[in-house]
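Student: output the structure for:
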Amino acid sequence: MNLRPNTGGRQVAIQSFDISDSPVPARLGAWTEILYDTFYPLDLISRDAEFSFGKLNILDIPGIRFGTIDSAPMSVFRRRQHLSQSGGDFYYIPLPMKAPLYLRQHGREARIEPGDFAIVATADMYQYEQNTENRLATLRIDGPLMRERVPLIDDLVARTCDGHAPLVQVFVDFVHSIMRQSSRLDHESAAAMTPHLLDLLALAVTAPVDAMKSSESSVRLAHLRRIMRMIEDRLDDETLGPGMLAKELGLSERYIQKMFADRGETLSGTIRARRIATAQRRLIDPTRRSSSIATIAFSVGYSDPAHFSRIFRSIVGLSPSEYRDGRRMDDGKA
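Tutor: Okay, the predicted model is just below:
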């Protein structure tokens with residue numbers, strides 16, 4: 001396994017990994033360890049009898065880790081036991097360059113062709129399949145940074161952003177251009193890239209092809225963004241619901257409910273999912289370790305801790321205490 005940092009002058013350091021020095025039977029394990037350490041906890045399964053190669057280059061700018069991955073076919077799993085381990089609150093964006101990827105998360109399936117991209121929420125379980133040798137550009141974006149810039153981002157995971165859409169093309173081209181220039185970037189230039197990249201991403205994911213077919217679609221998408229931002233801002237309010245949103249945003253309750261129904265979702269389900277996702281982050285936040293489960297429950301709009309625990313277990317598969325304790329045990333092993 002080779003690691004080659006490039007640290008000349010004030011240039012941004014580039015890390016390079018290659019498992020070609022590892023014995024063939026040990027390569028899958030070596031590749032899993034590299035991705036685990038550089039991205040977040042996950043499991044890999046080789047799609048071939050033996051996993052033959054894997055190469056990774058990494059470039060870090062504030063809040064974002066770029067990667068280029070060349071590897072043999074593999075299946076990638078982020079499982080329930082990974083969620084309580086360290087390094088989990090990110091959004092991962094794969095951009096295949098040679099062959100399609102197949103992504104499953106939140107009950108949705110997406111086929112991602114070269115030129116397309118999709119978004120993965122690493123705070124939840126997911127699976128993706130790479131059935132052939134492939135080359136990917138990847139982004140790992142800090143969760144709070146992404147949610148601040150794109151409030152309805154969790155509603156957009158596992159949805160293909162079509163590379164034929166002009167704004168998607170602009171974003172994909174920008175990512176590739178940064179990677180091409182990575183060896184020449186200094187720290188100041190790299191820091192300046194972050195807001196521009198997030199602005200382009202926000203445009204790409206909130207103006208998909210279907211949303212540009214009519215002005216009504218664009219208006220509806222704008223309303224959804226406003227609704228999702230208010231949901232995030234008011235998660236601690238137990239009365240958060242269609243009545244409050246309608247009053248604050250000047251929309252009818254029926255219209256709000258229909259927007260979610262047309263997407264195969266419900267407003268109540270969306271609010272519940274955002275509350276539990278926020279609780280997950282707060283339960284494993286080191287700065288909140290002294291906060292009780294009841295305090296965390298109150299902070300996301302549940303006045304009854306027992307009810308909160310039942311809802312949490314039904315979604316996450318663990319009680320809040322088990323989820324928090326799993327993270328602490330993992331930290332204790334480090």
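Student: could you pull out the strands in the stretch 51-200 of the chain for me?
Tutor: 54-61, 64-71, 74-78, 90-96, 101-105, 108-112, 120-121, 126-130, 134-142 (DSSP state E, counting those that start in this stretch).
Student: other SSEs contacting the longest one?
Tutor: What it means is strand 134-142. If contacts are counted by 3 or more Cβ pairs under 8 Å, 6 or more residues apart in numbering; DSSP states H and E, strand 134-142 sits against strand 64-71, strand 90-96, helix 166-180. Bear in mind the C-beta positions are built from the backbone N, C-alpha and C, glycine included.
Student: list the residues that contact V300.
Tutor: L235, D236, R275, I276, T278, A279, R282, F308 (Cβ atoms under 8 Å, 6 or more residues apart in numbering).
Student: again, but for G301
Tutor: Contacts of G301 (Cβ under 8 Å, 6+ apart): R234, L235, D236, D237, E238, L240, I271, R275.
Student: one more time with 7 Å
Tutor: L235, D236, D237, E238, L240, R275 (Cβ atoms under 7 Å, 6 or more residues apart in numbering).
Student: try P151
Tutor: P151 neighbours (Cβ under 7 Å, 6+ apart): R225, M228, R229, E232.
Student: what's the pLDDT at it?
Tutor: Per-residue pLDDT puts P151 at 70.
Student: where does the chain dip in pLDDT?
Tutor: Residue ranges of the chain with pLDDT under 70: 1-10, 84-88, 207-218, 327-334.
Student: what's the residue closest to the geometric middle of it?
Tutor: Per Cα atoms, centre = their mean, the C-alpha nearest to the average position across the chain is that of Y91, at 1.9 Å.
Student: identify the bridge partners of that one.
Tutor: A121, I141 (DSSP bridges).
Student: buried residues, stretch 130-148. List them.
Tutor: Using 16 or more other Cβ atoms under 10 Å as the burial criterion, the residues of stretch 130-148 that qualify are 130, 133-134, 136-143, 145-147.
Student: what about A123, how many neighbours?
Tutor: 19 (other Cβ atoms under 10 Å).
Student: quick check, it in contact with Q280.
Tutor: Yes. Between A123 and Q280 there is a contact under Cβ atoms under 7 Å: 6.0 Å.
Student: now the helices for this protein?
Tutor: Counting by DSSP state H, the chain has helices at residues 27-38, 143-149, 166-180, 187-206, 215-233, 242-249, 253-261, 267-283, 293-299, 305-316, 320-333.
Student: what's the most buried one of the helices and strands packed on strand 134-142?
Tutor: The highest average neighbour count among the helices and strands packed on strand 134-142, using mean count of other Cβ atoms under 10 Å, belongs to strand 90-96 at a mean of 23.
Student: what's the angle from that one to helix 166-180?
Tutor: Strand 90-96 runs at 90 degrees relative to helix 166-180, counting by axes from the mean of the first three to the mean of the last three Cα atoms, to 10 degrees.
Student: distance between strand 90-96 and the chain's centre?
Tutor: Its chain's C-alpha centre and that of strand 90-96 lie 7 Å apart, by Cα atoms, centre = their mean, to the nearest Å.
Student: and the contacts of G301, which is closest to P100?
Tutor: The shortest approach to P100 among the contacts of G301 belongs to R275, at 34.6 Å (Cβ to Cβ).
Student: look up how far I315 lies from the nearest residue to the closest one once chain neighbours are set aside.
Tutor: Excluding the flanking residues, the one nearest R275 by Cβ to Cβ, 6 or more residues apart in numbering is V300, at 4.3 Å. Look at V300 and I315: by Cβ to Cβ, to the nearest Å, they are 12 Å apart.
Student: go on, I284?
Tutor: 15 Å.
Student: neighbour-wise, which of those two wins?
Tutor: Using other Cβ under 10 Å as the criterion, I284 and I315 rank with I284 on top: 23 against 16.
Student: what's the more buried one sitting at in phi/psi?
Tutor: phi -110, psi 10 (degrees, to the nearest 10).
Student: thinking again about what came up before, got a quick PyMOL command for the buried subset of the contacts of V300?
Tutor: To isolate the buried ones among the contacts of V300 in PyMOL, judged by 16+ other Cβ under 10 Å, type:
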select buried, resi 235+275+276+278+279+282+308
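Student: let me know the closest of the contacts of V300 to M193.
Tutor: The nearest member of the contacts of V300 to M193, counting by Cβ to Cβ, is T278 at 28.2 Å.
Student: the closest one contacts L235, doesn't it?
Tutor: Yes. Assessed by Cβ under 7 Å, T278 is found in contact with L235 at 5.7 Å.
Student: spit out the contact partners of the closest residue to Q169 other than its chain neighbours.
Tutor: Of all residues not flanking Q169 in the chain, G163 sits nearest, at 6.2 Å (Cβ to Cβ, 6+ apart). Contacts for G163 (Cβ under 7 Å, 6+ apart) come out as E113, G115, D116, Q169, V172.
Student: ok, which pair from those is furthest apart?
Tutor: Of all pairs in the contacts of G163, the most separated under Cβ to Cβ is E113 and Q169 at 12.8 Å.
Student: look up how far K98 lies from E133.
Tutor: From E133 to K98 the distance is 7 Å (Cβ to Cβ).
Student: overlap in contacts, the two.
Tutor: By Cβ under 7 Å, 6+ apart, no residue touches both E133 and K98.
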